[in-house]
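In: 3D, please:
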Amino acid sequence: MRHAISHSQDDLKRQAAQAAISYIAPKLDSKSIVGVGTGSTANCFIDELAAIKHTFDAAVASSEETHKRLAAHGISVLDLNAAPRLDVYVDGADEIDQACNMIKGGGAALTREKIVAAAADEFVCIADDSKLVPCLGSFPLPIEVIPMARGLVARALVALGGNPIWREGVITDNGNIILDVHGLTIDKPLELEARINNVAGVVCNGIFAQQAANVAFLAGKSGITTVKP
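Out: Take a look at the predicted model:
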């Protein structure tokens, strides 16, 4: 599939969202439930999803912001615990590699995003092609942390070779804080994801390797690039 229209960031996000709609639409039926991510690219997907809302049953949101946008489009939104199954989860990425491992969490919704991704039968990533990298880590890795553990977790991250910066003024939907870790080269994402999650006080980190995408649609000036692990 090739599109060579306009190449502003908004246009590219919209093109990636449209590619995801084309991919999932034939798979949906009246019992289908669609998981939806958080952020500007996910918002483009929500706007496209509204046009086919009659073809599926409901959606599950990964954040309060996403819930509000889905509901504003007249899309029924279920709590994840009320969803018998989740057919697909669609979300953006801050970075993605050729194996469809990702860094996510620029919008501070990483924990709920990872939960919904884990519940879904299939994870579809949408982004512009500037997000495709040979190795994760140029984008600072977000970590959701219990507030009282901020210093403890920061010291553990320094020991791993990172430079953690508290994202001051940001509170997650779960009532926690975010540390953004600069300076990491994430050449073993699955291993590092598990290691960071084992630090006491860490709720979740933004490496999506255990929940890597099944397919990614990346929009660029020459059209849509499809990436699969």
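
In: longest helix in this structure, by residue count?
Out: The longest helix of the chain (DSSP state H) is helix 9-24.

In: Name the residues that touch it?
Out: Around helix 9-24, the neighbours that count as contacts under Cβ atoms under 8 Å, 6 or more residues apart in numbering are 1, 3, 5, 34, 40-41, 44-45, 47-49, 51-52, 87-88, 90, 92, 124, 126-129, 215, 217-220, 223-224, 226. For glycine as for every other residue, the C-beta is placed from the backbone atoms N, C-alpha and C.

In: Number of residues surrounding I146?
Out: Close neighbours of I146, defined as other Cβ atoms under 10 Å, add up to 16.

In: ok, now which ones touch the closest residue to it other than its chain neighbours?
Out: Leaving aside its chain neighbours, I146 sits nearest to G201 (4.8 Å; criterion: Cβ to Cβ, 6 or more residues apart in numbering). By Cβ under 8 Å, 6+ apart, G201 lies in contact with 145-146, 148-150, 152-153.

In: Most neighbours among those residues, please name it.
Out: Counting by other Cβ under 10 Å, top hit in the contacts of G201: V145 with 26 neighbours.

In: so what's it up against?
Out: Per Cβ under 8 Å, 6+ apart, neighbours of V145: 153, 176-179, 201-203.

In: Which ones among the residues you listed lie within strands?
Out: Counted as lying in strands by DSSP state E, out of the contacts of V145, are 177-179, 202-203.

In: Reformat those as CSV; add neighbour count.
Out: Listed next are these as CSV, based on neighbours: other Cβ atoms under 10 Å:
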residue, neighbour count
I177, 22
I178, 24
L179, 22
V202, 21
V203, 20
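
In: Pick the one among those closest to K27.
Out: V203 (32.0 Å; Cβ to Cβ).

In: Phi, psi for C44 please.
Out: Dihedral pair for C44: phi -60, psi -40, per degrees, to the nearest 10.

In: Show the residue spans covered by the strands in the chain.
Out: 33-36, 58-61, 77-78, 88-91, 95-96, 102-103, 123-128, 141-145, 163-166, 177-182, 202-205, 207-208, 215-220, 223-227.

In: Point out the most buried one among those.
Out: strand 207-208 (a mean of 31; mean count of other Cβ atoms under 10 Å).

In: H67 and L49: what is the separation?
Out: From H67 over to L49 the distance is 14 Å, taken as Cβ to Cβ, to the nearest Å.

In: So between these two, which is more surrounded?
Out: Using other Cβ under 10 Å, the more surrounded residue of H67 and L49 is L49, with 25 against 20.
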